[in-house]
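Student: Pasted the sequence and its predicted model underneath.
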Amino acid sequence: MSEIALNQAPAHLRQGSNIGQPLTRREGILKVTGAATYAADNNPPGMLYAVLAVSSVARGRVASLDVAAARAHPGIVDVMTPGNRPALAQDPDAKDHPFMFRMELLQNDRVRYANQPIAVVIGETLEAATEGATLLAPTYETETARTGLDGGESFAPPAVGVGNPASVDRGDVEAGLAAASRTIDATYETPAQYHNAMEPHAIVASWTADGLSIDTPSQGLAMAQGRIAGLFGIAPDSIHIRSPYLGGGFGSKGLISGPQILGILAAKMTGRPVKLVLRREQMYGPVGHRAPTRQRLRLGADAGGALTALDHHTRTASSTFDDFFEPASDISHTLYASPNLATSHEAVRLDTGTPLFMRAPGEATGSIALESAIDEMAEACGMDPLAFRLRNYADAEPISGKPFSSKALRECYRQGAERFGWSARPLAPRQMRDEAGLLVGWGMGTATFPALMFAAEARAVIRRDGTGLMETGAHDMGQGAWTALAQIAADGLGLDIDRVEFRAGTSDLPDAGIAGGSAHTATAGTALHKAGEDAIAKLAALALRDERSPLYGAGNAGVVARDGRLHRRDDESRSESYADILARADVPSVEGRGKGAADPAAQEAYAMHAHGAVFAEVKVDPDLGQVRATRLVGAFAIGRVINPRMVRSQIYGGMIWGVSFALHEKAIVDARTGRPMNPNLGEYHIPVNADVPALEAIVVDEQDAHVNALGIKAWARSASRGRRGPSPTRSGTRPGRASASSRSRWTACSADDQPAGCGSPLEPAPHR
């Protein structure tokens, strides 16, 4: 086969069986035995401890700090304030691309939100640094804090999300409402919500003769490397970041945060390694959160229940000093067919940390309001909520008119409803009670999320001993990425997963993009797949040109890679092992490179989304108004499944977060001071096992030839994701109704300069 022919048809060169297997987590034993090394577990020699002093007011300026008292403490090494902070090469308030956000790095004495870092105390022990931060005893010149969605003058934001237009329309909404037989006009509010990953933001930073060495949890190693390089005026490749394990991210670790940079500055100031770990309450401010929303939906329908108009308007909030606006209305672009559709946003500026990406920004908040409004419209039309959704099923994306690359939502509705027993649901509310007299409500909602892809790179090696190596700087937040990506890597090389070493989790490996937007498996997986293609093509070229090989003369019939051997496609009895091919060619290995990125032509031609349906049973105390979710069934069409076990775990997680969003999570802010009043896991509530007694997940088979070469949809952080929540806050909502919306061996260390044990599947990578 010619080189050109090999390059034209590489997808047919491999055949494997690792993808689709329900493998257990490759790093699971390390985690359950406590051997997994998270960022704050590292303790290099000579390390100091840094503790943040944070503002107790939301607006004003720091009038005084008792630095002398802090420095007098016997365990204190230094105190960093705006007056002595090491210089930066870049203004922390500068922005030169959409994923760059402003951060507080002690650039002045202004206070822009509660819990803003105002000083850093560095000590020989954590206890000393903590006591030193208390001794600073700050005083303030305080200004009135702006809080709540009515706390500032509204304006039309220039964009929402990352560059999405704030307002979009198709058709004439007002004419559609005027022509409707029935209309609803409903307003819903969702509260501010905060990241509460088990692992708080942390950093261990060391400046060396070779550059900067960092241990920190990151969902985007290359982006973090670039941001740090810009702030300190150093080359990105002089920064080595290790992030083998994350104890949860939810979007908050996608971008490097101010506290992490302060840890690096503390190491620079002292000339010694420094560890800085946020306390739980310090997570409520400088590392992003979900903004509150107030959403108004106006819907019209004709006598047959077909939508004639859908208008979705969102009021949300951002900080006074930066721009990120929750794109909640955008969810209405994709779900229901309506000839007249409009979405819009307005915003206010509050004295709060900048809200950022958190667990499906826009889709989570928006779907809760949209799906509740759809339920109310169904009731106004006298229709079953599922029947109303099927009546308004969109066969093409409503806002763009594009066909879907694939859409098995009808099958999600069918399988979910059948399993839940939906046909037994009475049409009118307040018809069901349990034996204790509690009202029982059955509700359902539609799930959707865009099938995103970013950019990633990977390197593949086939070694002379017949084993393989795959490298990409991928991130695992606990969703199982190490396992799913290792399965893709092994199939890409036509090897059993136990014969492939998978390296990830450090910044000196090929850039795997960002583990965000639910796109990591699709993006990094495609890069791995293509790297495998490239390596196999080069191996095949060695054999096909060698007269001594049984594969010689295969020509354009080509070969298939399977179980460490290349087989002629036209005669599979003629094959040769990778080891024999390389030994005869007298080369130690062949190397392939691959890139993962979206296909612009496919994106232009198709609307790409994953879909699902969630059915929920809730029980409501009619006297107390207490609501408990008692049963959830979700059915999801998510493209090709890499690991069914991981997918099911992700679906469960999505549905649990839905319960959390609707019934538990709410940040309470003191309207007088702007301070969070419940910045802890005792008072900021999230579900426990007793809150979600019954879960069932159904994966609906779906093939998509357009999203990427592997057919993976960007659904969960590794493979799938459920959408969020039964119901938003709305006055007048009647008890008894529910609305549910949804949503190998490996090495976590550098390819070079590996310490002893770094390649072992049962041994953590030690600190270097």
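Tutor: Nice, thanks for sending it over.

Student: Run through the residues that contact the most centrally placed residue in the chain.
Tutor: By Cα atoms, centre = their mean, the chain has its centre lying nearest to residue 516, at 3.7 Å. Residue 516 makes contacts with 219, 220, 251, 254, 357, 454, as judged by Cβ atoms under 8 Å, 6 or more residues apart in numbering. Where you see a C-beta, it was placed from the backbone N, CA and C, and this is true even at glycine.

Student: export those to a markdown table and tack on pLDDT, neighbour count and distance to residue 135?
Tutor: A markdown table is the format used below for the contacts of residue 516 (pLDDT from 0 to 100; neighbours: other Cβ atoms under 10 Å; distance: Cβ to Cβ, whole Å):
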| residue | pLDDT | neighbour count | distance to residue 135 |
| --- | --- | --- | --- |
| 219 | 95 | 25 | 35 |
| 220 | 95 | 26 | 37 |
| 251 | 92 | 25 | 35 |
| 254 | 92 | 23 | 35 |
| 357 | 95 | 26 | 36 |
| 454 | 94 | 21 | 45 |
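
Student: Select, from the residues you listed, the two members most distant in space.
Tutor: 251 and 454 (14.0 Å; Cβ to Cβ).

Student: Pick out whichever of the contacts of residue 516 sits closest to residue 17.
Tutor: residue 454 (28.1 Å).

Student: Next one: the closest one from residue 304, what distance?
Tutor: Noted for residue 454: a distance of 42 Å to residue 304, by Cβ to Cβ, to the nearest Å.

Student: try residue 631
Tutor: From residue 631 to residue 304 the distance is 32 Å (Cβ to Cβ).

Student: so where is the stretch 451-600 of the chain shaky, pLDDT-wise?
Tutor: For the stretch 451-600 of the chain, the stretches with pLDDT under 70 are 556.

Student: Could you pull out the helices in it for me?
Tutor: 481-492, 520-544, 578-585, 600-605 (DSSP state H, counting those that start in this stretch).

Student: With just CA atoms, put whatever helix or strand comes next after the shortest one into PDB.
Tutor: Using DSSP states H and E, the helix or strand that follows helix 600-605 in sequence is strand 609-620. The C-alpha coordinates for strand 609-620 follow below in PDB (Å, rounded to 0.1, in the frame of the first residue of the first chain):
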ATOM      1  CA  HIS A 609     -26.400  17.900  20.900                       C
ATOM      2  CA  ALA A 610     -26.900  15.000  23.400                       C
ATOM      3  CA  HIS A 611     -30.400  14.500  24.800                       C
ATOM      4  CA  GLY A 612     -32.200  12.800  27.600                       C
ATOM      5  CA  ALA A 613     -35.300  12.700  29.700                       C
ATOM      6  CA  VAL A 614     -35.600  12.500  33.500                       C
ATOM      7  CA  PHE A 615     -38.700  11.300  35.300                       C
ATOM      8  CA  ALA A 616     -39.100  12.200  39.000                       C
ATOM      9  CA  GLU A 617     -41.400  11.300  41.900                       C
ATOM     10  CA  VAL A 618     -41.500  13.700  44.800                       C
ATOM     11  CA  LYS A 619     -43.400  13.800  48.000                       C
ATOM     12  CA  VAL A 620     -44.700  17.000  49.500                       C
END
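
Student: now strand 609-620: how far from the chain's centre is it?
Tutor: In terms of Cα atoms, centre = their mean, to the nearest Å, the centre of strand 609-620 is set 21 Å apart from its chain centre.

Student: Ends of stretch 663-683, what's the gap?
Tutor: The separation between the terminal residues of stretch 663-683, taken as Cα to Cα, to the nearest Å, is 14 Å.

Student: and it, which residues are buried?
Tutor: Buried residues in stretch 663-683, defined by neighbour count with 16 or more other Cβ atoms under 10 Å: 663, 665, 666, 667, 669, 673, 674, 675, 676, 678, 679.

Student: neighbour count winner among residue 631 and residue 304?
Tutor: Between residue 631 and residue 304, counted using other Cβ atoms under 10 Å, the more crowded position is residue 631 (18 against 9).

Student: quick one: what helix or strand has the more buried one in it?
Tutor: Going by DSSP H and E, residue 631 is part of strand 627-637.

Student: Give me the angle between the very next helix or strand once past that strand and strand 627-637.
Tutor: The helix or strand immediately downstream of strand 627-637 is helix 644-663, counting by DSSP H and E. Per axes from the mean of the first three to the mean of the last three Cα atoms, to 10 degrees, the angle that helix 644-663 makes with strand 627-637 is 140 degrees.

Student: Against which helices or strands is helix 644-663 packed?
Tutor: Where contact means 3 or more Cβ pairs under 8 Å, 6 or more residues apart in numbering; DSSP states H and E, helix 644-663 is packed against helix 363-380, strand 627-637, strand 695-700.

Student: any idea of the mean pLDDT in stretch 175-191?
Tutor: The predicted model gives stretch 175-191 an average pLDDT of 98.

Student: can you pull the buried residues of that stretch?
Tutor: Of all the residues in stretch 175-191, those buried under the rule 16+ other Cβ under 10 Å are 176, 177, 180, 182, 183, 184, 186, 187, 188, 189, 190, 191.

Student: got it, and stretch 544-558?
Tutor: By neighbour count on 16+ other Cβ under 10 Å, the buried set for stretch 544-558 is 544, 549, 550, 551, 554, 558.
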